[in-house]
Structures are given as structure tokens and as C-alpha cells.
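Undergrad: got a sequence here, can you model it:
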Amino acid sequence: MQSCETSPETKLVVDRWLNDYLTQENDQLGRRGPVCPFVGPAREGGFLRTKTLVLGRDDTTEDLVQGLREQLDAFVALPVPGGKESLAAMVTVVDGLPEHRGRLLDEAQARLRREAARRGLMIGQFHPHCPEPAFWQPSFAVSRSPVPLVAIRYMSFHDILFLHADPVLFEEYRTRFADRYQQGKRVPDGFRKLYDSAPRLSAESGLPYIDYQSITLLHALHHPRTDQPAESTFYLAGQSKELLFALVLGEVRACQEAMAADDLGRSAWHLRRGAAGMRLLSEFWDLLSTLSPAEFHAFRDELGAASGLGSYKYRSLEFALGLSSPSMAAAYRGDPTAEIEVYRAVHDASVYDDALGVLVRLGRLEGAAAGPERDTRAVRAAWAGIHQEKTVSSELLRWTESLMDLAQSFGRWRYLHLLTVERIIGTKSGTGGTSGVEWLRRAAAARVFPELWEARSELAGGPGPAGCPVAPRP
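TA: You can find the predicted model right below:
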């Protein structure tokens, strides 16, 4: 990997994108003004630099991270007159990154965000399929560009929009801009709301384990509404599930990154861990099944409209597994952290989309058959063909079965959810406004990665199925 000057042809493409998109207003943005308010002033002042980072065929995400880290160093070293730092920006084109590997750029940016923030910098990624949503209108995927690139600039006051949800990033912001939020100073109401509600890092105790795991902060978040002992079990189980949703979602995204790098062995490893996380999640239904109906009803009224349907980590996981729904994402409107995350998942490809992309690149499936209106017969035949080879030592077959492990563990989680709810509340309505058991029964009958399941019927020699059930939406 090496840095070089941008070719005239690429520079023309980037300039056209800057002129026609970034510096223009966009009705889908949800606010007035240009898509990026920094580009115009930076160009006019002569403070916008363009570089190119050439990615080799065998370069990994780690290589990309290191290359971008060097771009951060190069940006800081650029001469900028005092007081003009807010105008400085650098665009680095990532040359040699195939379109299906855009996820590697997403991962590299995620790894460098905190490092950049500690230096007072912001780093953002752009590529043809970038899933990043606009803050004011998350249904709009704002960060899509004709070529993969990153933009680097100095942190500014308005970056509360991008830094409020992560306590480490927010601390870097607060260190630089807290004085602007002091009483009596004019601050937009939306900024102040984000600033006041942002998660703070707790003070260190000096005990390594407690500090490393944020144990004191973790236990301080336990707030049952009643003095019913069973509610504490319900409450802690719910919080623990949220952490495990984040774990499984992280493994799914890591699996997708490995697919983008055409590393099926590493992809299968992350699928294996994700499936293990889902199995652990399923164990919580055994714990919750120990609540008697009377114990649950003793505190149920305190839940109000609260329901697991409101979990944005679980919803993002569903979307990542292919059960995406913009209408469900819209239910999180009003909470910036949740809304941004679920819409990012809506804009992103699912793990199944990426798996079909792998089959296309391996010559197992025609590209058109894996598109948005996929040819289910062709996809089913492609999965069946892998199993018909009967090579149990094949990396491709192991990867395929790892996908099935995740699909099965997710299906088991949903089915146990149904049984637990039916055991505790019977056929009463659910707390989230659903029909309760009936809705869960329809959900449990659906399958993620449907053609992977259907291929089993073809291997058995019977007629192909009409199709797996579609996941219901409340």
C-alpha cells in the first residue's frame, strides 16, 4: 500500500462529486444548506488537499487502517495558518478497492474514529454502497460517492451530531467544546439536548478489573421500578440480552468484512461465535421461564408500553440477517442514537446478501440471480450444489454450514421466545402492542437465509418448496 498524487482522471470524478453533490443542497438531507458545509469554504480558501492511497490485491483491513493512519499524520503535518484550522480538509481516494470490498473501508474508519478524535480530528468514509445515514434524515444514505475515499478534517462544534453516542468520542468533544455549553451561551436546542443526554465515562477506581469492565457504572444502571424480587431477574436478563445482541451483531458484521475480503475461513469463525452468542441468548428464556404468571403480573403494569420490540440492537441484528424493514426503522424516530443505528442497518447489505455475492464471485451463481429480486430457484440450486459435492473437508461447505448454524440458532431463539411468552402470559396481548403469542408464532415460523433451508428439500430428492414464510411485521 502506498500514497501518491491523485490521477487527473480520478481527480475529475472527485471534483464533479464535490461540485454536484457535497457542496449542494439536497432535499433528502432533512436540513438546509450543503450536504457538507466544510467543503465549499475549504476549497475557496485553498485548504482542501486530495491524495490517493493505492491498495494492493492482497492488502487487508489492517493494511488499510495503517495506510489511513499515515494519512492522519500527513494531514496534521500540512501547513495551516493560525486560526484557519476549521477550513483545512483532506480527501484521500482509496484506489484499488473493489466495489464489493467497501465494507473494509467502513471497518477501517470505525477502528480509527477514537484515535482520530483523541487528536482532535474527524475521519469519515464514502463509497458507492456506504450505509451511513444522514443525522437529520436517517432514511437518506448520505455518504455515497462514485469512488471509495475518506475525508479528514479538524473536529468542530457541530460534531456533537456524530460523537454524542460513544462516551469515549464524546469525552474528546467535551474536552474541546464544554465551554460553549456553559450557562448563558447560545447553543442550538438540538445540540444541547444531545450534549446533556450523552453517556459520560465514570471516574476510575484504581482497581484494574473494575475499571476495565466499567463494573461500577454497569451496576449503577440497574433500576427496577418495583420491589418485586422477580422484576430484578427480568430486568437484569433484559440488560444482559442487550449486551449479547451487540456481541452477535458485531460478529455478523465481522463475518461480512471477512466475506468482502474473500476469506471464508475467517468468516466461518465469526459465524461460529455469533451462533454461540445466539445459543447463550436462548438460555435466557430458560431463566425467564422460572417466573410464574403471578410473579410477572406483579410488576407488568410498570412496563407500560415497554417491549423487546423496542430493542434497537436486536432490530439491527434482524436487519443484518436479512429481515430488513424501513417501516420498523421509522419506529425509532425521536431517539438519535437508536434511529441512526437502525437506519445504518437498513442501508447496509445483509449477511445473506454478502453470502450470495460470495457465490457469484466463486462462479456458483449468476450475478443477476443474486440481485434485489433474486432468482430463488437459482439460489436454492447453488446451495444444493455445494452440498451435493459431499466434500465435508471443503472450506466452502464448512462456511455454508456455519451460515446454517447461525440461522438455526436465531430460529431457536425465536421459537423459545414464543414458548416462554405463552407459558407466562398465555394468549394475552403483548406489551409492545402486538397480538402476543399469535404474532410470535408467525415470527417463529419464518426463516433467515430461506434458500439455504429450502436446498435441503432438493437434496432429499423431493420437489422444491414454494418458499419459506416471510417474517411478519407488527
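Undergrad: okay, CA-based contacts and neighbour counts for the rest of this
TA: Will do.
Undergrad: ok, Tyr343 touching Phe135?
TA: No - judged on C-alpha atoms under 8 Å, Tyr343 makes no contact with Phe135 at a distance of 10.0 Å.
Undergrad: and these two? Which one has more around it.
TA: Tyr343 (28 against 19; other C-alpha atoms under 10 Å).
Undergrad: check which helix or strand the more buried one maps to.
TA: helix 336-347 (DSSP states H and E).
Undergrad: from the chain's centre, how far out does the next helix or strand after that helix sit?
TA: Using DSSP H and E, the helix or strand that follows helix 336-347 in sequence is helix 351-361. Distance of helix 351-361 from the chain centroid (C-alpha atoms, centre = their mean, to the nearest Å) equals 18 Å.
Undergrad: pull the residues that contact helix 351-361.
TA: 252-253, 255-256, 259-260, 262, 320-322, 365-367, 370, 379, 382, 449 (C-alpha atoms under 8 Å, 6 or more residues apart in numbering).
Undergrad: kindly report the same for stretch 215-223.
TA: Here stretch 215-223 has contacts from 202, 209-210, 235-236, using C-alpha under 8 Å, 6+ apart.
Undergrad: next one: that stretch to chain centre, how far?
TA: In terms of C-alpha atoms, centre = their mean, the centre of stretch 215-223 is found 25 Å from the chain centre.
Undergrad: likewise stretch 397-409?
TA: Chain-centre distance of stretch 397-409: 21 Å, with C-alpha atoms, centre = their mean.
Undergrad: also stretch 239-255?
TA: 10 Å.
Undergrad: quick one: buried residues of it?
TA: Neighbour-count burial for stretch 239-255 flags 241-242, 244-249, 251-255 (criterion: 16 or more other C-alpha atoms under 10 Å).
Undergrad: need those residues in a markdown table (columns: secondary structure).
TA: Converted to a markdown table, the buried residues of stretch 239-255 look like this (DSSP: H, G, I helix; E, B strand; the rest coil):
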| residue | secondary structure |
| --- | --- |
| Lys241 | helix |
| Glu242 | helix |
| Leu244 | helix |
| Phe245 | helix |
| Ala246 | helix |
| Leu247 | helix |
| Val248 | helix |
| Leu249 | helix |
| Glu251 | helix |
| Val252 | helix |
| Arg253 | helix |
| Ala254 | helix |
| Cys255 | helix |
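Undergrad: helices along the stretch 351-474 of the chain, start to end?
TA: Along the stretch 351-474 of the chain, counting by DSSP state H, counting those that start in this stretch, helices occupy 351-361, 376-388, 395-425, 437-445, 450-459.
Undergrad: what inclination does the last one have with respect to helix 351-361?
TA: The directions of helix 450-459 and helix 351-361 differ by 60 degrees, with axes from the mean of the first three to the mean of the last three C-alpha atoms, to 10 degrees as the criterion.
Undergrad: output the contacting helices and strands for helix 450-459.
TA: Here helix 450-459 touches helix 376-388, going by 3 or more C-alpha pairs under 8 Å, 6 or more residues apart in numbering; DSSP states H and E.
Undergrad: switch the cut-off to 10 Å
TA: Secondary-structure packing of helix 450-459 (3 or more C-alpha pairs under 10 Å, 6 or more residues apart in numbering; DSSP states H and E): helix 376-388, helix 395-425.
Undergrad: for that helix, what is the average pLDDT?
TA: Rounded to a whole number, the mean pLDDT of helix 450-459 is 91.
Undergrad: now do the buried residues in it.
TA: Taking 16+ other C-alpha under 10 Å as the criterion, helix 450-459 shows 450-456, 458-459 as buried.
Undergrad: surely Val94 is within a helix?
TA: No - applying three-state DSSP, one finds Val94 to be strand, outside a helix.
Undergrad: show me the beta-bridge partners of it.
TA: Taking DSSP bridges, one obtains Leu53 as the residues bridged to Val94.
Undergrad: what of Met122?
TA: Beta-bridge pairing of Met122 under DSSP bridges involves Arg153.
Undergrad: which parts of the stretch 51-200 of the chain are strands?
TA: 89-95, 121-126, 149-154 (DSSP state E, counting those that start in this stretch).
Undergrad: run through who's touching the host helix or strand of Arg49.
TA: Using DSSP H and E, Arg49 falls within strand 48-54. Contacts with strand 48-54, where a contact means C-alpha atoms under 10 Å, 6 or more residues apart in numbering, come from 1-7, 10-11, 14-15, 38-43, 64, 67-68, 71, 75, 78, 87-97, 149-153.
Undergrad: show the buried residues in those.
TA: So, by 16+ other C-alpha under 10 Å, the buried ones in the contacts of strand 48-54 are 1, 3, 6, 11, 14, 38-42, 64, 67-68, 71, 75, 87-97, 149-153.
Undergrad: output stretch 387-407 as PDB, nothing but the C-alphas.
TA: Only the C-alpha atoms of stretch 387-407 are listed here, as PDB (Å, rounded to 0.1, in the frame of the first residue of the first chain):
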ATOM      1  CA  HIS A 387     -23.800 -30.000  -0.500                       C
ATOM      2  CA  GLN A 388     -24.100 -32.400  -3.400                       C
ATOM      3  CA  GLU A 389     -20.300 -32.400  -3.700                       C
ATOM      4  CA  LYS A 390     -20.200 -34.200  -0.400                       C
ATOM      5  CA  THR A 391     -16.700 -32.900   0.400                       C
ATOM      6  CA  VAL A 392     -17.100 -32.400   4.200                       C
ATOM      7  CA  SER A 393     -13.500 -31.100   4.400                       C
ATOM      8  CA  SER A 394     -14.300 -28.300   1.900                       C
ATOM      9  CA  GLU A 395     -13.800 -24.800   3.300                       C
ATOM     10  CA  LEU A 396     -16.800 -23.700   1.200                       C
ATOM     11  CA  LEU A 397     -19.100 -26.400   2.800                       C
ATOM     12  CA  ARG A 398     -17.900 -25.600   6.300                       C
ATOM     13  CA  TRP A 399     -18.600 -21.900   5.600                       C
ATOM     14  CA  THR A 400     -22.100 -22.800   4.300                       C
ATOM     15  CA  GLU A 401     -22.900 -24.900   7.300                       C
ATOM     16  CA  SER A 402     -21.600 -22.000   9.600                       C
ATOM     17  CA  LEU A 403     -24.300 -19.800   7.900                       C
ATOM     18  CA  MET A 404     -26.800 -22.500   8.700                       C
ATOM     19  CA  ASP A 405     -25.600 -22.700  12.400                       C
ATOM     20  CA  LEU A 406     -26.400 -19.000  12.800                       C
ATOM     21  CA  ALA A 407     -29.700 -19.300  11.000                       C
END
